[in-house]
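Asker: can't give you the sequence, but here's the structure:
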């Protein structure tokens, strides 16, 4: 990626994971947005919400690039940026979920079993995880947010796509469920 070495990309990923708009702006400074639009949009929405200098202009640039690119998840992220820039809620419920984990579940082999999204904690649970042993998880799965504590993640998406596409597919699927990713707290 032109302008994006492993260290810079790691700093951007960390800023996204923490919801740290200031660190995200620093990681983006002087680098092209195109290779990292899915990460950039997340940190720029946080930067706009924190009213950081330069955040609005960078968010508008990111939104324009998302609109022009048009990959899965780009329209949903552009809508998130538009809402942040307008100072209004996006209409999607925030869930502290890792888009990479959702992407992995979407790409799973259907024969492996059903992956679940924990709607309370944002955890993505593989079919072989012992989640059914925990009492609060014994409730039935719901197909809609609020309809249960777990949401089945449909497997079978093509694997091997670049990270940007994988994150975008996961974002699009979440938005279809009325959800948007939020930073995960430890």
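Answerer: Everything's here; your move. What you see is a predicted model, and the numbers here were worked out from it, not measured in a lab. Numbering: from 1, shown residues only.
Asker: mind listing what's buried in stretch 31-51?
Answerer: Using 16 or more other C-beta atoms under 10 Å as the test for burial, stretch 31-51 gives 31, 33-48. Backbone N, C-alpha and C define where each C-beta goes, glycine included.
Asker: Please apply the same query to stretch 95-102.
Answerer: Buried residues in stretch 95-102 (16+ other C-beta under 10 Å): 95, 97, 98, 99, 101, 102.
Asker: Out of those, list just those in strands.
Answerer: Taking DSSP state E as the definition of strands, the buried residues of stretch 95-102 contribute residue 95.
Asker: which two from the buried residues of stretch 95-102 end up farthest apart in space?
Answerer: Using C-beta to C-beta, the buried residues of stretch 95-102 span at most 11.8 Å, a distance reached by 95 and 101.
Asker: List the contacts of stretch 155-168.
Answerer: 35-39, 71-74, 77, 99-100, 103, 105-110, 112, 114-115, 169 (C-beta atoms under 8 Å, 6 or more residues apart in numbering).
Asker: repeat that for 6 Å
Answerer: 38, 71, 72, 73, 99, 103, 106, 107, 108, 110, 169 (C-beta atoms under 6 Å, 6 or more residues apart in numbering).
Asker: What of stretch 12-28?
Answerer: Outside stretch 12-28, the residues that touch it by C-beta under 6 Å, 6+ apart are 11, 39, 40, 42, 43, 46, 47, 50, 52, 183.
Asker: now those as CSV including secondary structure and pLDDT?
Answerer: Shown next, in CSV, are the contacts of stretch 12-28 (DSSP: H, G, I helix; E, B strand; the rest coil; pLDDT from 0 to 100):
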residue, secondary structure, pLDDT
11, helix, 97
39, helix, 97
40, helix, 97
42, helix, 97
43, helix, 97
46, helix, 96
47, helix, 97
50, coil, 96
52, coil, 97
183, coil, 92
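Asker: From those, pick the one nearest residue 175.
Answerer: residue 42 (13.3 Å).
Asker: rewinding a little: select from the contacts of stretch 155-168 every entry located in helices.
Answerer: Among those, DSSP state H puts 38, 99, 103, 106, 169 in helices.
Asker: Many thanks, we can stop here.
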